[in-house]
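>>> Need a 3D model of the following:
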Amino acid sequence: MKSSILIILILLSWVNISTAKANNCNIKLALKEPIIKKVQNINLSSQVSLDLEQFLSYGNFDIYRIATNVICQKLSGTKYTGKIDEWQKFFDSALNGLLKEKYKEIKFTLVGNDDAVFKGRNISKEYIFHGDKDGNEQVIYNIAVMSENKQSLFTLSVSGNIAAEKEILSEYKRLVNSMDFNTTK
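Okay, here's the model as predicted:
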């Protein structure tokens, strides 16, 4: 049940650099402004709830719009496991989200540990989606990082037209390298 609510909302961007702090994930990140923040609480059962914080920023490169989407998901009443089947459900949920947004010809790549940008000690997965949305070929670079106590899951996505892939990857790397998990609430 908890895995099915792991949602990745994609397609957003940026302008000036600012530090966003996802309190539920206890992380700081150097997003570009302006930043749009949304907060939601979902009761999954009488004993389990999910607090969501989302940060969106938009920007342009040349004629292409580049989007950054950050989501912090904190479970109360249970924890994530970090097991393979939970990650599979997470990826399935992300794929289903793209399908609902009318993406076609979706390709999924799970990035190997040797090629991963994130070198931290937290459990993490980096992955890339390629897909066509309304004749616009998109690339989406993603990372999901689990907190050490397994109560929070942090996701970051940077996306845009494939023609700006070099810039999208550069922004993704900049953001991943700016992540600071050693903050206090």
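>>> Just the C-alphas of the longest helix belonging to the chain, formatted as PDB.
Longest helix of the chain, by residue count under DSSP state H: helix 84-100. Output of helix 84-100 as PDB, limited to C-alpha atoms (Å, rounded to 0.1, in the frame of the first residue of the first chain):
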ATOM      1  CA  ILE A  84      14.000  -5.000  -4.100                       C
ATOM      2  CA  ASP A  85      10.200  -5.500  -4.300                       C
ATOM      3  CA  GLU A  86       9.500  -2.100  -2.700                       C
ATOM      4  CA  TRP A  87      11.800  -0.400  -5.200                       C
ATOM      5  CA  GLN A  88      10.100  -2.300  -8.100                       C
ATOM      6  CA  LYS A  89       6.700  -0.900  -6.900                       C
ATOM      7  CA  PHE A  90       8.300   2.500  -6.700                       C
ATOM      8  CA  PHE A  91       9.500   2.400 -10.300                       C
ATOM      9  CA  ASP A  92       6.200   0.900 -11.400                       C
ATOM     10  CA  SER A  93       4.400   3.800  -9.800                       C
ATOM     11  CA  ALA A  94       6.700   6.300 -11.500                       C
ATOM     12  CA  LEU A  95       6.100   4.600 -14.900                       C
ATOM     13  CA  ASN A  96       2.300   4.600 -14.300                       C
ATOM     14  CA  GLY A  97       2.500   8.400 -13.500                       C
ATOM     15  CA  LEU A  98       4.200   9.000 -16.900                       C
ATOM     16  CA  LEU A  99       1.600   6.900 -18.700                       C
ATOM     17  CA  LYS A 100      -1.200   8.900 -17.000                       C
END
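>>> In it, which residues are buried?
For helix 84-100, the neighbour count (16 or more other CB atoms under 10 Å) marks W87, K89, F90, F91, A94, L95, G97, L98 as buried. All C-beta spots, glycine's among them, are computed from the backbone N, C-alpha and C.
>>> Show the pLDDT at the last one.
The model reports L98 with a pLDDT of 95.
>>> ok, now the third one?
In the prediction, the pLDDT value recorded for F90 is 94.
>>> for the buried residues of helix 84-100, which one is nearest Y127?
Set against Y127, the nearest of the buried residues of helix 84-100 by CB to CB is F91 (6.9 Å).
>>> Spit out the contact partners of that closest one.
Residues in contact with F91 (CB atoms under 8 Å, 6 or more residues apart in numbering) are F108, L110, Y127.
>>> where do the strands sit along the chain?
16-22, 27-33, 35-43, 49-61, 64-76, 103-110, 124-133, 136-146, 152-161 (DSSP state E).
>>> Name the strands paired with the fifth one and say parallel or antiparallel.
Looking at strand 64-76 with DSSP bridges, its partner strands are strand 49-61 (antiparallel), strand 152-161 (antiparallel).
>>> which stretch in those strands is the model least sure about?
strand 49-61 (a mean of 89).
>>> next one: it to chain centre, how far?
8 Å (CA atoms, centre = their mean, to the nearest Å).
>>> Since that was my last question, I'll sign off now.
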